[in-house]
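# I would like to see how this sequence folds:
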Amino acid sequence: MPHLHIEYSPDLEQRIDMNDVCKAAHRVMTASALFPTAGIRIRAFAADHCIVADDHPDNDFLAMTLSVGSGRSQADLKAAGDQLFAAVQSVLASPLATPHFALSLEIREIDAALSWKDTPIHARLSRQ
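Residues are numbered from 1 along each chain as shown. Next comes the predicted model:
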């Protein structure tokens, strides 16, 4: 269950291609043995309403939350997080070069007893 949720300020799409951000994250996640391809979900949403920091009109943000199932070591998750963060930083080099941008990543571990799934995608991909 590696699900990456990306939330960003709506004006950011005027400066970067959000599909490039998603593709960069996907490349890192699929290259990692830590994340089963069938479980990967990457979703990006612009915040309908937001105020960033001091409400300066040039301020933008992109916040990522990676939810994963339990059972991975903290060291493995840290290494994967470092790679994911670096890949997205690379795509966002232009806004990160300004004093008006905030980028973040948080990894959350989901308790399997409190997570329900019905995903035939897993069965299809495991047959390949």
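
# longest helix of this structure?
Secondary structure assigned by DSSP state H gives helix 74-91 as the longest helix of the chain.

# what's the following helix or strand after that helix?
helix 93-96 (DSSP states H and E).

# distance between the ends of stretch 42-60?
Here the two ends of stretch 42-60 are set 20 Å apart, with distance taken as Cα to Cα, to the nearest Å.

# and it, which residues are buried?
If you call a residue buried by 16 or more other Cβ atoms under 10 Å, then stretch 42-60 has these buried ones: 42, 44, 52, 59-60. The way it works is simple: take the backbone N, C-alpha and C, and place the C-beta from them, glycine included.

# now those residues in JSON lines, with distance to Tyr8 and secondary structure?
Output for the buried residues of stretch 42-60, formatted as JSON lines (distance: Cβ to Cβ, whole Å; DSSP: H, G, I helix; E, B strand; the rest coil):
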{"residue": "Ile42", "distance to Tyr8": "13", "secondary structure": "strand"}
{"residue": "Ala44", "distance to Tyr8": "7", "secondary structure": "strand"}
{"residue": "Val52", "distance to Tyr8": "10", "secondary structure": "coil"}
{"residue": "Asn59", "distance to Tyr8": "12", "secondary structure": "coil"}
{"residue": "Asp60", "distance to Tyr8": "7", "secondary structure": "strand"}
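
# between these, which sits nearest Ser126?
Checking the buried residues of stretch 42-60 against Ser126 by Cβ to Cβ gives Ile42 as the nearest, at 20.4 Å.

# what segments of the chain are helices?
For the chain, applying DSSP H gives helices covering 18-31, 74-91, 93-96, 120-126.

# what is the mean pLDDT for stretch 118-127?
Here stretch 118-127 scores 79 as its mean pLDDT.

# chain center to the longest helix of the chain: distance?
Chain-centre distance of helix 74-91: 10 Å, with Cα atoms, centre = their mean, to the nearest Å.

# try stretch 70-86
Relative to its chain's centre, stretch 70-86 lies at 12 Å (Cα atoms, centre = their mean).
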